[in-house]
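Pasting a predicted model and its sequence here:
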Amino acid sequence: MPFFLVYVSSATTLFSRAEIDAILAESHRNNARLGVSGILLYKDGNLMQLLEGDEGVVETLYAKISRDSRHKGLIRMWDGNATERQFPDWSMAFRDLDGPDARGTPGFSEFLTATPTDQGLEMEVTHCQQLLNLFKVSM
């Protein structure tokens, strides 16, 4: 039974494309090594991340993330156990970076621009997906 944790924060400065690429590459490496999956949403300097995996590993990773000076105002929104992972392949969704270069980035997700129908989501969405969708429409 995987543990999940969702938090929001604000970037201390808007990320450049190079910074986003570096975050994405580092996250892919580290999360694969740790057995962590999830999604990181970045929109207009605001971030929301869902991490899933072993509870101890996720908590340790969250503690490390909370010390990262690239963002501020970290708020832990929700955590708990799930019956299955919601995002088994770690990915990052962007807004305002919808050129062909962004879409070609390994791990890029269409989450912020896709509708639930586009994503093939069922009518019954999980609470995590509802929270992520709230970020999508309100930021």
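Received the coordinates, thanks. Residues are numbered from 1 along each chain as shown.

List the buried residues for the lengthiest strand in the chain?
Ranked by residue count under DSSP state E, the longest strand found in the chain is strand 71-81. Within strand 71-81, the residues scored as buried using 16 or more other CB atoms under 10 Å are 71, 74, 79. C-beta coordinates here come from the backbone N, C-alpha and C atoms, glycine included.

show me the contacts for the residue nearest to Arg76 when sequence neighbours are not counted.
Spatial nearest neighbour of Arg76, excluding adjacent residues (CB to CB, 6 or more residues apart in numbering): Tyr7 at 5.1 Å. Residues near Tyr7 by CB atoms under 8 Å, 6 or more residues apart in numbering: 48-49, 62, 65, 74-77.

now do 10 Å
With contact set as CB atoms under 10 Å, 6 or more residues apart in numbering, Tyr7 has these partners: 47-51, 62, 65-66, 71, 74-79.

same thing with Asn31?
Counted by CB under 10 Å, 6+ apart, Asn31 has contacts 37-38, 40, 51-53, 57, 61, 89-90, 107.

same thing with Asn81?
Going by CB under 10 Å, 6+ apart, the list of residues near Asn81 reads 1-4, 52, 55.

Write a PyMOL command that selects only the buried members of those.
A single PyMOL command selects the buried members of the contacts of Asn81 (16+ other CB under 10 Å):
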select buried, resi 2+3+4+52
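
Just name the closest of the contacts of Asn81 to Arg29, please.
Proximity of the contacts of Asn81 to Arg29, judged by CB to CB, is greatest for Glu52, which lies at 17.3 Å.

Help me confirm that the closest one is found in a helix?
No. Under DSSP: H, G, I helix; E, B strand; the rest coil, Glu52 sits outside any helix and is assigned strand.

give me every residue that touches it.
2-6, 31, 35-39, 58, 81-82, 84-88, 90, 128.

which of those count as buried?
2-6, 31, 36-39, 58, 85-87, 90, 128.
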